[in-house]
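# show me the folded form of this:
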Amino acid sequence: MIEILTPLEERALAACDYGAFPINLRGIRDNVQKLLGEIQRYGFFNEYTTHSFDHVREMLDIAEWLIPSRTMDDLTAAEYIMLVLACYFHDLGLLISREEFDNRQDNAEYQKFIATLDDKDLETREYKSKLFALETSERDKILYQEFVRFSHGARVRAWIEGFKLDDNESSATIREEIQHLLTHLDPIIKRDLAILCESHTKDDIDNIEKYKLSQPYGNNAEEWVNLQYLAAILRTVDLLQISRSRAPSILYRVINPTDPISQIEWQKQNAVRSVRASTGFDREGHASEDAERDTIEVHARFNESDGFFGLTSYLTYAEREISKTSAIILKSSTRVSKDYLFPWKYINQKFVEAEGFLTKSFGFQLDQQKILDLLTGHTLYNDTSVVLRELTQNSLDAVRLQASIAKVPAENNGMVHIHWDSQQKILTIRDNGTGMTQQTIEDHLLKVGSSRYQDEKFKEDYPDFSSISRFGIGVLSAFMVADSVEITTCSPEDEPARRISLRSVHGKYLIKLLDKVADRDDIGVWPHGTLVRLALRSTASLGDVLRVAQRWLLFPGCNVTVKIDDQPPVKIGYESPKAALEAYIDSSFTPRRGIKADLEVREVSLGGVTLAYAVQKDDHFKDWGFVQIDESRHNGRDGEAFLPVATCVEGVGVEFSSPGFRSASLLAVANVVGKGAPRTNVARSAIEDTDEFKSMNATIYSLYAEHVSSEISRLEKIQSNSLTRAVSQAPFIAWPLTGERIPVRHPALMQEAASKIPMVLIEGSGQRKNVSINDIRNRNEFWTVESPLTRSVEYFINEAPANISADTLLKSLGNTFSPYPSGETVSNYMSSTYISSLLKDEFELSEAIAYENHRRIDLRWERREGAPKWLNSADLLKELAMRDRRLWEMVVNRRNEGRNPRGTGWGSVKIAPQDFVVSGLDGYGGFVIGASRFFMAEQPVSIFLTSLRGNVSDEGIRTLNSAFRFLETVCSYTDEWEALSPEFVNRLIEISGGDEMIAGISFKMHDFLSSIRGSNSKFFDPFAWQRREG
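Prediction:
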């Protein structure tokens, strides 16, 4: 029986009457039908959709309505037959002979394909993971059929053109059969037919050099062809041929594909009822067959969600390709005289349904402005373990909100259960929180960047609730590791429960309704709660789920458990920061010194911040100091507890350093809750440097400082130390706050907190008391005294069993000369580097009174107003650091290299202002305090250096620093300035750092040396009368 041809084939027959196409179209048709029937003969592509001749018929039928009637009338006979032949031959590249498969190792192209599996992209790794889970024979078959599917366009092109494949002639029989069918065609026509057949696997139809807009095969216009338009039609009809006839139900039931990808594919194909053009409407809005149409509609119904996701994702891809094709044909329309119309741009998916799910399909929406805000300046996620944290903190918020609504404590009633099936790679997180309503799902769950808890209506309803989640990206994060996400949620506010099925960020999502009575067992979170189930990709990893949870979820505020496979569940988190540190000390911590019995954990709270820190008692001094840790020794190795050093926001760890610091150096942990809690970045890897963050750290620093203050009081009142001794321990207790060994988050805020510690001793009117740096700042002036007697007195007072002043002590010994000047004197100025450095920043010397007979000098300090009056090397060095970093490093390195010949470190030089008041220093050029040398203003060298001060340019700063560096070297090596010889000067230049170091002053070196030689090198040093034997 002669098979009825399609209308398109009937039109193609007319071409056989022209000299260009001396072929038997019916004969070719019959033979191609037989060849296509061979594609699955040897078991290849059995789990893919059929590529029989039924596929060709469907394509020809679709082309009938795809080509607009106006264009249909204008197509030539040659265009019809070339399109029909292309539909016949385009899938013949899928033919695989048994000989070809057996000789696959000799196929060079196949070996190249195998080599691509070594690529490191995610899709390749996923593919390999699934592949190598199969038996060897099955894997080899799938590998080869995938190679053929990948290259079938190039294969059929080579066979049509008569070229050999690089396969050792194992496919020669197929090539010869195809060549036989096309024997009478001109080589140019065969070449163009081959290009057309390959085009449905390429993405290059915009290449009009390859796909010519007018290709003649004879003199008659009916023998001319627009190859680009034919390629566009072929590719589009191949994309759209997805009806259920392509995958008959009987074949699906018999074959029962085992590969999940194939299951989705077959369900997709078997569910499609119709693919057709949407109805067109005229200008008045009436349906019309003559109106131009640009939309294709697909009708399908699914029983399973997988098929729905497979089809909708495919249709999204197909729409993108069709729209691109439309733009290409429109661009070429100005180069051809005929109306080659391709109006199609859209695919309507609203008729794709899933049985048992809501008829409306859902998808992720982007709150664009918020997404931009979130992503600006951030790396979203680079650690897959955060998926567990994101989803768990969503559960914690829901549990806390439910407890708030029910007016019950979350600690006793809230539950979050995490289960990890390592064999199936299934992660499940279940909670008994509020669950989600349909409105919440649409407005927030599926709208990336929109958090329910940041909604204005929510804030109005729950003004006191502070959430952990703020960004609305928890579910989005799941797709870092999973291709399949299923969420079951039950809210008391909605009649049914819901199951949400998601397959990708860019696809459609289904919501299935579950009856709270009939489906109660299936819901799993009745009467309220949410269950999230992730099927991880084969190549994805969450790491050690238990340890990840233990690291992040420090203070969950409810019952959180983790169950790994069939092991017993493990409780996660602690009741408080103090409990966390105590548990760690009991289980894992080894103190650097002493024993654990000497350790305590203190917990304090202020303004929503709860800080716990460990302290250790010093056996000798009896003070409780902060416990220092070595982070590298306590990093949570296998078998060890995690080091619970972190700053947490609403109980979830964010920064894993000591609170307020940049490293884990103190054994401390903080948790911040409430409206004032700082915001984290999108990845929750750090806290945003906002006002809230600064306020939090200011509170943390004040709590640290309060410990130091209380220790001073305890040492004096309970340990019966003198006030002087108690205060002398403060710098050592406060070393994390006052030193530079631990990098601080906000140094200015830390200094402000430390400035409130009463660690400064002042004496006046026969009384001694301790005050803070801030108290000193409120005074306009204070005195300091340097003398051997003062130091001896201070030592005695420090060791005295009672609180006495220096004045009282000396008078009791019959001393009539007061040890301190009138006014208030800071007595521990020189005993604490921290105190002296802080006071020097805000005060400067205004007067010096020397008592040579008493080997003493009194110094009056006044609050600095405006720019510094004194010219000193320390300030100049700071300025140089901002102007010339290289020279600054040279100076600093030289100063740090070692000690000078006198056995002391390199001292600093200070030049007094003209209004500096001096008495008792006649015959001296200045005075020495510690390592600093103070020059009087009238000294020639002082006048010279002050004259350079006016040049504030970069060069001027370099000149001053060079001069000061050289003068420091002179002061360190000799007191005989008037006899500086050229040889000694050259030696001092070399010691200073060479010509480069003093280059800034070299052009004024003669005048500079003259000023040094003319200056008085005799300086008053109250400790110069001390001698040492040997």
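# tell me the secondary structure at residue 1001.
Under the three-state scheme (DSSP: H, G, I helix; E, B strand; the rest coil), the conformation of residue 1001 reads as helix.
# what sits against it?
Residue 1001 sits next to 959, 962-963, 966, 1008 when contact means CB atoms under 8 Å, 6 or more residues apart in numbering. Heads up, the C-betas are built off the backbone N, CA and C, glycines and all.
# now for the chain, the helix or strand with the poorest mean pLDDT.
Among the helical and strand segments of the chain, the one scoring lowest on mean pLDDT, DSSP states H and E is helix 249-255, with a mean of 33.
# what about residue 1006, neighbour count?
Around residue 1006 sit 9 other residues, with neighbours defined as other CB atoms under 10 Å.
# which pLDDT value belongs to it?
The predicted structure scores residue 1006 at 91 on the pLDDT scale.
# list the helices and strands the helix or strand harbouring it packs on?
Residue 1006 is located in helix 1005-1013, with elements delineated by DSSP states H and E. Packing partners of helix 1005-1013 (3 or more CB pairs under 8 Å, 6 or more residues apart in numbering; DSSP states H and E): helix 940-948, helix 954-973.
# what's the following helix or strand after that helix?
Sequence order places strand 1019-1020 as the next helix or strand after helix 1005-1013, per DSSP H and E.
# quick one: strands adjacent to that following strand?
Looking at strand 1019-1020 with DSSP bridges, its paired strands and their directions are strand 926-929 (parallel).
# CA atoms only: put the strand it pairs with into CSV for me.
Listed in CSV are the C-alpha atoms of strand 926-929, where the atom choice follows Å, rounded to 0.1, in the frame of the first residue of the first chain:
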residue,chain,number,x,y,z
GLY,A,926,68.7,69.9,77.8
PHE,A,927,67.7,66.9,79.9
VAL,A,928,67.3,63.2,79.5
ILE,A,929,64.2,61.2,80.5
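# need the contact list for the residue of the chain most remote from its centre.
Centroid-distance maximum for the chain: residue 814 at 71.9 Å, with CA atoms, centre = their mean. Contact analysis of residue 814 by CB under 8 Å, 6+ apart lists nothing.
# before we move on, the earlier item: now the contacts of residue 1001 as CSV including neighbour count?
Formatted as CSV, those follow (neighbours: other CB atoms under 10 Å):
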residue, neighbour count
959, 22
962, 26
963, 25
966, 26
1008, 22
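# which two of these have the greatest separation?
When CB to CB is used, the two most widely separated members of the contacts of residue 1001 are 959 and 966, lying 11.0 Å apart.
# any idea of the angle the helix holding residue 1006 forms with helix 940-948?
140 degrees (axes from the mean of the first three to the mean of the last three CA atoms, to 10 degrees).
# just the buried residues of helix 1005-1013, please?
By neighbour count with 16 or more other CB atoms under 10 Å, helix 1005-1013 contains the buried residues 1008-1009, 1011-1012.
# could you find the closest non-adjacent residue to residue 84?
With CB to CB, 6 or more residues apart in numbering as the measure, residue 12 is the residue that lies nearest to residue 84, at 4.2 Å, once sequence neighbours are left out.
# give me the three-state assignment for that neighbour.
Reducing the assignment at residue 12 to three states with three-state DSSP gives helix.
# how about it, what does it touch?
Applying CB under 8 Å, 6+ apart, we find residue 12 in contact with 25, 77, 80-81, 83-85.
# mind doing that once more with 6 Å?
Applying CB atoms under 6 Å, 6 or more residues apart in numbering, one finds that residue 12 lies in contact with 80-81, 84.
# okay, those in a markdown table with neighbour count, secondary structure and distance to residue 421 next?
A markdown table is the format used below for these (neighbours: other CB atoms under 10 Å; DSSP: H, G, I helix; E, B strand; the rest coil; distance: CB to CB, whole Å):
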| residue | neighbour count | secondary structure | distance to residue 421 |
| --- | --- | --- | --- |
| 80 | 25 | helix | 58 |
| 81 | 27 | helix | 58 |
| 84 | 26 | helix | 54 |
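# distance of the residue nearest to residue 84 relative to residue 89?
According to CB to CB, to the nearest Å, residue 12 and residue 89 sit 13 Å apart.
# where in the stretch 1-150 of the chain is pLDDT low?
Within the stretch 1-150 of the chain, the stretches with pLDDT under 70 are 1-2, 39-51, 118-124, 127.
# can you map out the helices along it?
Using DSSP state H, counting those that start in this stretch, the helices of the stretch 1-150 of the chain run over residues 7-13, 25-37, 53-66, 69-74, 77-89, 98-102, 108-115, 122-131, 136-161.
# between the ones you listed, which one is nearest to residue 687?
In this view, these are compared for proximity to residue 687 by CB to CB, and helix 122-131 is the closest at 30.9 Å.
# quick revisit: what's the most buried one of the helices of the stretch 1-150 of the chain?
With neighbours defined as mean count of other CB atoms under 10 Å, the helices of the stretch 1-150 of the chain peak in mean count at helix 77-89, which reaches a mean of 26.
# show me what it is packed against.
helix 7-13, helix 53-66, helix 187-199, strand 224-225, helix 227-240 (3 or more CB pairs under 6 Å, 6 or more residues apart in numbering; DSSP states H and E).
# from the contact counts, what lies against the shortest one?
Put plainly, it is strand 224-225. For strand 224-225, the packing partners by 3+ CB pairs under 6 Å, 6+ apart are helix 77-89.
# and the angle for the helix it packs on with helix 25-37?
Taking the same axes, to 10 degrees, one finds helix 77-89 and helix 25-37 inclined to each other by 20 degrees.
# would you mind writing the CA trace of helix 77-89 as PDB?
Taking Å, rounded to 0.1, in the frame of the first residue of the first chain, the C-alpha atoms of helix 77-89 are listed here in PDB:
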ATOM      1  CA  ALA A  77      10.000  23.800  -5.400                       C
ATOM      2  CA  ALA A  78      13.700  23.500  -4.600                       C
ATOM      3  CA  GLU A  79      13.200  24.900  -1.100                       C
ATOM      4  CA  TYR A  80      10.400  22.400  -0.400                       C
ATOM      5  CA  ILE A  81      12.400  19.400  -1.500                       C
ATOM      6  CA  MET A  82      15.500  20.500   0.300                       C
ATOM      7  CA  LEU A  83      13.500  21.000   3.500                       C
ATOM      8  CA  VAL A  84      11.900  17.600   3.100                       C
ATOM      9  CA  LEU A  85      15.200  15.800   2.500                       C
ATOM     10  CA  ALA A  86      16.700  17.600   5.500                       C
ATOM     11  CA  CYS A  87      13.900  16.300   7.600                       C
ATOM     12  CA  TYR A  88      14.500  12.800   6.200                       C
ATOM     13  CA  PHE A  89      18.200  12.700   6.800                       C
END
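# how far off centre is that helix?
The chain centre lies 54 Å from the centre of helix 77-89; the measure is CA atoms, centre = their mean, to the nearest Å.
# which residues touch it?
Contacts of helix 77-89 with the rest of the structure, by CB under 6 Å, 6+ apart, involve 9, 11-12, 14-15, 21, 32, 56, 59-60, 193, 196-197, 217, 222-223, 225, 230, 234.
# distance of the residue nearest to residue 84 from residue 777?
Residue 12 sits 98 Å away from residue 777, taking CB to CB as the criterion.
# likewise for residue 80?
Here the distance between residue 80 and residue 777 works out to 96 Å (CB to CB).
# correct me, but residue 410 touches residue 555?
No: between residue 410 and residue 555 there is no contact under CB atoms under 6 Å: 11.6 Å.
# burial check on the nearest residue to residue 221 once chain neighbours are set aside, number of neighbours?
For residue 221, the nearest residue in space outside its immediate sequence neighbours is residue 76; the separation is 6.5 Å by CB to CB, 6+ apart. Number of residues near residue 76 (other CB under 10 Å) recorded here: 21.
# and the residue nearest to residue 405 when sequence neighbours are not counted, what element?
Leaving aside its chain neighbours, residue 405 sits nearest to residue 434 (7.0 Å; criterion: CB to CB, 6+ apart). According to DSSP H and E, residue 434 maps onto no helix or strand at all.
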